[in-house]
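Colleague: Have a look at this prediction, sequence included:
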Amino acid sequence: MTQEPIIKTPIPAKNNKGTMLVLSLLFDFIGMVSYFVPVFAEVTDLFWAPISGILLVVMFKGTAGKLAGVFGFIEELLPFVDVIPTFTITWFYTYVIRGGKGQE
């Protein structure tokens, strides 16, 4: 009794470009929510700043993610600059300008 060879086809890499865009828009919205509650705006930014920095580094690999993480952290700590959509800008740079290279 002979066994037939099992042929495994490689699983194509997932294209998570759309998912990353949705997450980027969501996290940018969370960063801007502090404007809806003016009294607690800067206090909530103290908690959101390190979280957003870490999320940027984890979501976007390589140098772009690290730079975006540092920029996002500083941007969230500074008053009145929360309107900068750091996640979306990083997504645009990563997937439109660079074509997703380095995100595999």
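Modeller: Looks like it arrived, so ask away.

Colleague: And for the worst-scoring helix or strand of the chain on mean pLDDT, what's in contact with it?
Modeller: Ranking every helix and strand in the chain by mean pLDDT, DSSP states H and E puts helix 41-59 at the bottom, with a mean of 90. Contacts to helix 41-59, defined as Cβ atoms under 8 Å, 6 or more residues apart in numbering, come from residues 20, 23-24, 27, 30-31, 33-35, 37, 65-66, 68-70, 72-74, 76-77, 79, 82, 86-87, 90. Bear in mind the C-beta positions are built from the backbone N, C-alpha and C, glycine included.

Colleague: Please enumerate the helices of the chain.
Modeller: For the chain, applying DSSP state H gives helices covering 17-32, 41-59, 62-77, 86-92.

Colleague: between the longest one and helix 17-32, how many degrees?
Modeller: The one in question is helix 41-59. Angle of helix 41-59 versus helix 17-32, following axes from the mean of the first three to the mean of the last three Cα atoms, to 10 degrees, is 160 degrees.

Colleague: next one: helix 41-59 to chain centre, how far?
Modeller: 11 Å (Cα atoms, centre = their mean, to the nearest Å).

Colleague: Next, the buried residues of that helix.
Modeller: Thr44, Asp45, Trp48, Ala49, Ser52, Gly53, Leu55, Leu56, Val57, Met59 (16 or more other Cβ atoms under 10 Å).
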